[in-house]
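Colleague: Predicted structure and sequence below. I'll ask about it afterward.
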Amino acid sequence: MRKKISTPRRFVVCLRNTGFAASLEPRKIYRCAGAARVGSKSLLRIVDESGEAYLYPKTLFAPVRVPPAAKRALAG
């Protein structure tokens, strides 16, 4: 059963890419488009360079505080 958790648009930094070396770059900032819980796993919906969003384990990321001007630039 998939339960959706509402999350405001935010940014996260990739701490490690264990199991996702082809998809994620450590120390890179990604846009988070939401969160979900699948069973006991907490996941984040991360938007990649193609504009597509994929689910990854929440433990691979840390939230980043971004000033409003930088947030507009990163979201574009």
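Modeller: Received the coordinates, thanks. Bear in mind the structure is a predicted one, so any value in this text is a computation, not a measurement.
Colleague: give the contact list for the closest residue to Arg31 other than its chain neighbours.
Modeller: If the residues on either side of it in the chain are set aside, Arg31 comes closest to Val47, at 4.4 Å by C-beta to C-beta, 6 or more residues apart in numbering. To be clear about C-beta, it is placed using only N, CA and C from the backbone, and glycine gets the same treatment. Remark: with contacts taken as C-beta atoms under 8 Å, 6 or more residues apart in numbering, Val47 is in contact with Tyr30, Arg31, Cys32, Ala33, Ala53.
Colleague: now Val47, which residues is it bridged with?
Modeller: Applying DSSP bridges to Val47 gives these bridge partners: Arg31, Ala53.
Colleague: Same question for the one 10 residues further on.
Modeller: Beta bridges link Pro57 to Leu43 when assigned by DSSP bridges.
Colleague: from memory it sits against Lys41, does it?
Modeller: Yes. With the criterion set as C-beta atoms under 8 Å, Pro57 and Lys41 qualify as a contacting pair; they are 6.6 Å apart.
Colleague: Can you report how many residues neighbour Ala36?
Modeller: A count of nearby residues for Ala36, using other C-beta atoms under 10 Å, gives 16.
Colleague: So Lys71 belongs to a helix, correct?
Modeller: Yes. Assessed by DSSP: H, G, I helix; E, B strand; the rest coil, Lys71 belongs to a helix.
Colleague: Now pLDDT too, for the contacts of Val47, in a markdown table please.
Modeller: Rendered in a markdown table, the data for these read as follows (pLDDT from 0 to 100):
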| residue | pLDDT |
| --- | --- |
| Tyr30 | 94 |
| Arg31 | 92 |
| Cys32 | 93 |
| Ala33 | 91 |
| Ala53 | 93 |
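Colleague: From those residues, pick the one nearest Pro68.
Modeller: Set against Pro68, the nearest of those by C-beta to C-beta is Arg31 (14.9 Å).
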